[in-house]
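J.: Show me the folded form of this:
(2 chains)
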2 protein chains.
Amino acid sequence: VVPDARLSSQLAFLIEADRLKGVERRNHVLGGERRENSGEHSWHLALFALVLAEHSDDTINLRRVITMLLLHDIVEIDAGDTFVYDTVGKKDQDERERLAADRLFGLLPNDQCDELRALWDEFEAAHTADARFAKAVDRLQPMLLNHAAAGSSWHEHSITSDMILDVNRPIAGGSSVLWDAAQVYVDDAVTRGFVPQ
Amino acid sequence: VVPDARLSSQLAFLIEADRLKGVERRNHVLGGERRENSGEHSWHLALFALVLAEHSDDTINLRRVITMLLLHDIVEIDAGDTFVYDTVGKKDQDERERLAADRLFGLLPNDQCDELRALWDEFEAAHTADARFAKAVDRLQPMLLNHAAAGSSWHEHSITSDMILDVNRPIAGGSSVLWDAAQVYVDDAVTRGFVPQ
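T.: Predicted structure coming up:
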């Protein structure tokens, strides 16, 4: 619709991104039967990072962390959400997501494609302090929602407390404070009978 | 659940924020009958700001803009969404939202309550360059979604092109480039019969 090619590419990317609101995750939003979608999940993670940044073990650049979190799931528009406990789906997840990143970031002008793709790659690799804190938050949020929902999606998928601790260990890579808290939540979930030992 | 009072307040705020995913807006997500909720809307706006920042008329601090956008609708958890064309609902909107801000930001530790509340107030006042650009993006996104959905929520509420231009004029306060683009979209909507002249 707009004549300028650069702005037109930017708006095409933003309109395409709308589809992330239609990608369903396994966990539920609170106070409802509805599953969370990856768009609202991404908003919630950015808010988590904003409020919990002080608990990062290493110095982080919050703007970079939040940008990673806004972008990290966008590949699910093509590749779908892979449940964190799904060992079969995880096998080709990297390849599916890389192809999706090529197409989706490729909608942007070249300079922005390169810049945002680099942040997405950095998140995936999880080697930097910013990426490690972003990953920590990406694990903590669904765990807290599951706890607040009395373990609804843990029940559905027969998840045990050992599996929760194993899958959520990346929290320890970003924040020892949040990892300690996560373990308190898992203990509490066992005590209350939300998950088996 | 966690013993530390500060972390406990932060997590209480983040869990309460989940409810924003249950607040329905008037416009729809694309490719579905479902209305957009304010959580996923906030994510989409942050992405808009990230990609379109270069079009701001004034120099902006993108981290502040994105933080405002992540927070701007959180008061709707108590106050509900007020349709931008709803002149009756708008009358007591400010008072309802202020009370909501008192309660919700009040869940946070004092220093974070003050910091984030100040950003929310700045967004509402729309006097600074950061707030004006955030407001511009908050108008542009639903307009583009409505255009992409062939004017679905404009039809429902008998909105005309003059009303669209009037309500979306805050876009001009943040970006002349985006305001020019918005007018092209409205002209196109008229040409295609999405809205009456």
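J.: make it CA atoms for all contacts and neighbour counts henceforth
T.: Fine.
J.: Could you confirm A:R26 falls within a strand?
T.: Yes. Applying DSSP: H, G, I helix; E, B strand; the rest coil, one finds A:R26 inside a strand.
J.: That one contacts A:G151, correct?
T.: No. In this structure A:R26 lies outside contact range of A:G151 using Cα atoms under 8 Å: 11.8 Å.
J.: When the two are compared, which one has more neighbours?
T.: Taking other Cα atoms under 10 Å in any protein chain shown, A:R26 and A:G151 do not tie; A:G151 has more neighbours (22 against 19).
J.: list the contacts for the more buried one?
T.: By Cα atoms under 8 Å, 6 or more residues apart in numbering or on different chains, the contact list for A:G151 reads A:A189, A:F194, A:V195.
J.: same thing but 6 Å
T.: A:F194 (Cα atoms under 6 Å, 6 or more residues apart in numbering or on different chains).
J.: Could I get the average pLDDT for stretch A:110-121?
T.: Computed over stretch A:110-121, the mean pLDDT rounds to 98.
J.: can you check stretch A:59-70 too?
T.: Here the average pLDDT along stretch A:59-70 is 98.
J.: which residues of chain A fall in strands?
T.: A:24-28, A:35-37 (DSSP state E).
J.: contacting residues around the last one?
T.: Residues outside strand A:35-37 that contact it (Cα under 6 Å, 6+ apart) are A:K21, A:V23, A:E24, A:R25, A:N27, A:H28, A:V29.
J.: switch to 8 Å and redo it
T.: Contacts of strand A:35-37 (Cα under 8 Å, 6+ apart): A:L20, A:K21, A:G22, A:V23, A:E24, A:R25, A:R26, A:N27, A:H28, A:V29.
J.: how about it: buried residues?
T.: A:E36, A:N37 (16 or more other Cα atoms under 10 Å in any protein chain shown).
J.: Stretch A:145-152 now?
T.: A:L145, A:N146, A:H147, A:A148, A:A149, A:A150, A:G151, A:S152.
J.: so what's the third one up against?
T.: A:H147 makes contacts with A:Y185, A:V186, A:A189, A:F194, as judged by Cα under 8 Å, 6+ apart.
J.: What residue in chain A comes nearest to chain B?
T.: A:E40 (4.0 Å; Cα to the nearest Cα).
J.: Around that residue, how many other residues sit close by?
T.: 25.
J.: any idea how far B:S153 is from the residue lying closest to it once chain neighbours are set aside?
T.: Computed as Cα to Cα, 6 or more residues apart in numbering or on different chains, the closest residue to A:E40 that is not its neighbour in sequence is B:E40, at 4.0 Å. From B:E40 across to B:S153, the span is 18 Å (Cα to Cα, to the nearest Å).
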